[in-house]
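>>> Below is the sequence, then the predicted model.
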Amino acid sequence: MSNRDLIAERLTRREREIMNAVFALGNRASAEEIRARLSSAPGDSAVRVMLTRLEKKGFLKHRQEGLRYLYSATISPFFARREALRRYLETFFGGSSKQMMTALVSEADWTDEELDALKDEIERVRKERRKQP
């Protein structure tokens, strides 16, 4: 299954939370470590069932180390981050990047240096686009 196919498949809220935990733990984590990062953590057996389901869906793989399994994602953090951002954009901003960026810029406490860095990044992207045919 390709990364594109994996990204197209929807995950439940809890499955996304598990994937986030795996990434936060350096993409190498035991069921116990993952469970400790979950909000309102379910029981140990429920976490193991969800990990098995994520393996069957192709999002996780495991390898045995001693008596425990260590889980890692089969997709890169880049693809997972992009899909999460796309879902957030659709859910809260109707798919409008402009609305999301306006909200982020106007609602956060930015320093002048951070705003200057954002402005510089916007200018860099503009220049890159001008170079493209």
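Nice, thanks for sending it over. Numbering: from 1, shown residues only.
>>> all helices for this protein, in order.
Counting by DSSP state H, the chain has helices at residues 3-8, 13-24, 31-36, 44-57, 77-93, 97-107, 112-131.
>>> Can you say which of these is nearest to Leu70?
Taking CB to CB, helix 31-36 is the member of the helices of the chain nearest to Leu70, at 9.0 Å. For the C-beta atoms, the positions are set from N, CA and C on the backbone; glycine is no exception.
>>> could you say what helices and strands that closest one packs with?
helix 13-24, helix 44-57, strand 68-73 (3 or more CB pairs under 8 Å, 6 or more residues apart in numbering; DSSP states H and E).
>>> Buried residues in that helix, which are they?
Using 16 or more other CB atoms under 10 Å as the test for burial, helix 31-36 gives 31, 33-35.
>>> do the same with stretch 25-32
For stretch 25-32, the neighbour count (16+ other CB under 10 Å) marks 25, 29-31 as buried.
>>> Ok, stretch 63-75 next?
Using 16+ other CB under 10 Å as the test for burial, stretch 63-75 gives 69-71, 73, 75.
>>> mind checking how far the residue nearest to Glu33 when sequence neighbours are not counted is from Val49?
In space, Glu33 comes closest to Leu25 once its chain neighbours are excluded; the distance is 5.6 Å by CB to CB, 6 or more residues apart in numbering. Plainly put, Leu25 is 19 Å away from Val49 if you go by CB to CB, to the nearest Å.
>>> do the same with Gln132
Using CB to CB, Gln132 is found at 47 Å from Val49.
>>> For these two, work out which one has more neighbours and name it.
The neighbour count for Gln132 versus Val49, taken as other CB atoms under 10 Å, is higher for Val49 (12 against 5).
>>> Could I get the pLDDT score of the more buried one?
At Val49, the pLDDT value in this model is 96.
>>> Where does the prediction get shaky in the chain?
Counting by pLDDT under 70, the ranges of the chain that qualify are 1-9.
>>> Kindly state the domain boundaries assigned to it.
The record's domain parsing of the chain by automatic domain parsing lists 3-77, 96-133.
>>> sorry, back to before: now for the buried residues of stretch 63-75, which pair is the farthest apart?
Longest span within the buried residues of stretch 63-75, CB to CB: Tyr69 and Ile75, 18.5 Å.
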